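Undergrad: coords please:
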Amino acid sequence: QVQLEESGGGLMREGERLRLSCVASGRINTVAMAWFRQVPGQDREFVAAIDWTGSSDRIANSVKGRFSISRNDNRNTLYLFMTNLKSEDAAMYYCAAGRSGAMSDNPTDFASWGQGTRVSVSS
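TA: Next comes the predicted model:
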């Protein structure tokens, strides 16, 4: 299993944009990748996923049109581009590496997780 390390979180204002990065300790070019987020006291929520080829992705309805996901397998890095941030986007964001190349929004389909990066959004 690869080790994942997220970065890029911070304190933002509503309407601003942010890019999160997730660097893997090894090759991730054969597995799907995803971002999830979690607020204390709530279940982990799916945000976005991308398949192993990078040609297909899935975005949660709650962030569709504002967030996008991409990957650079040459750098073993996953990205989450967040625009028009809202207060409800505040959460700990986690990167995850899949058990296969197929996209999923189910946390159980992911074998490796990072420690998370916190995004705070003030109104």
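Undergrad: number of nearby residues for Glu88?
TA: When neighbours are defined as other CB atoms under 10 Å, Glu88 has 11 of them. Where C-beta positions appear, they are placed from N, C-alpha and C, glycine not excepted.
Undergrad: SS state for it?
TA: helix (DSSP: H, G, I helix; E, B strand; the rest coil).
Undergrad: The chain: strands as residue ranges?
TA: 4-7, 10-13, 18-24, 33-38, 45-50, 57-59, 67-72, 77-82, 91-98, 110-113, 117-122 (DSSP state E).
Undergrad: List the contacts of Gly9.
TA: Leu18, Leu20, Tyr93, Thr117, Arg118, Val119, Ser120 (CB atoms under 8 Å, 6 or more residues apart in numbering).
Undergrad: Next, give me the two most distant ones among those.
TA: Greatest spacing in the contacts of Gly9, by CB to CB: Leu20 and Ser120 (13.1 Å).
Undergrad: which one of those two has more residues nearby?
TA: Leu20 (24 against 14).
Undergrad: Specify the beta-bridge partners of the more buried one.
TA: Leu80 (DSSP bridges).
Undergrad: Verify the stated contact: it with Gly114.
TA: No - if you go by CB atoms under 8 Å, Leu20 and Gly114 don't touch, sitting 10.2 Å apart.
Undergrad: Quick check: closest non-adjacent residue to Phe46.
TA: Excluding the flanking residues, the one nearest Phe46 by CB to CB, 6 or more residues apart in numbering is Asp105, at 3.9 Å.
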